[in-house]
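>>> Here's my sequence, what's the structure:
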Amino acid sequence: MPVLLKPPSLLLKFLFKMPVYFHKMGFAGWERIVGAQWMLITTRGRKTGKRRETMVDVMEYDKITDTYYIEVAYGSRADWFKNIQNTPVFEAQVGRRKFHARAAMLSSENTADMLVQFYRRKPAYTRSVMAMVGMKFTSENGLRNIAGKLTLLSVRPEKG
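Numbering: from 1, shown residues only. Below is the predicted model of the structure:
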């Protein structure tokens with residue numbers, strides 16, 4: 001969930017792509033076994049026009065507004081994030097639910113609140129993911145400080 005400050009190693013890239021391959025093999029939703037929920041995002045490359053797929057953490061789902069809250073691991077440098085800025089409607093899949101969607105950035109304050117809420121629900125998962133990319137914290141205030149480096153999005157199904 002945190003911003004990766006430097007490009008990942010080949011091993012980390014491989015590990016990040018594994019969930020995409022599992023989804024393609026028909027195992028959508030398997031991540032719930034480990035206490036996570038992921039969204040498969042499919043965009044069109046802004047330069048090539050090719051389909052591009054990435055998997056992101058769903059930090060929260062609001063049933064009332066049908067809104068998913070997700071993280072952008074590379075922040076504004078993420079290719080898929082640049083792709084949705086270029087073409088705002090994209091394909092999304094959570095578990096077996098597939099839909100066309102749009103995303104909007106959360107404010108810094110809402111990002112910090114969302115991150116702390118996620119940590120309170122899943123402390124071990126949050127710490128392990130953040131440690132994997134070199135971000136450590138010792139308190140919720142430390143986590144709020146890290147939030148200033150993060151990009152979180154609200155994702156809603158496209159109506160119509």
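
>>> Flag every buried residue along the helix or strand containing Tyr125.
Using DSSP states H and E, Tyr125 maps to helix 123-132. Neighbour counts using 16 or more other C-beta atoms under 10 Å place 125-126, 129-130 of helix 123-132 among the buried residues. Every residue, glycine included, has its C-beta placed from N, CA and C.

>>> Can I get those residues in TSV including distance to Glu53 and pLDDT?
Shown next, in TSV, are those (distance: C-beta to C-beta, whole Å; pLDDT from 0 to 100):
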residue	distance to Glu53	pLDDT
Tyr125	22	84
Thr126	24	86
Val129	20	79
Met130	24	79
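
>>> of these, closest to Arg52?
Val129 (22.0 Å; C-beta to C-beta).

>>> wait, that closest one sits on Asp57?
Yes. Taking C-beta atoms under 8 Å as the definition, Val129 is a contact partner of Asp57 at 7.5 Å.

>>> what about the top strand by length along the chain, distance to the chain center?
In the chain, taking DSSP state E as the definition, the longest strand is strand 51-62. Taking C-alpha atoms, centre = their mean, to the nearest Å, one finds strand 51-62 lying 4 Å from the centre of the chain it belongs to.
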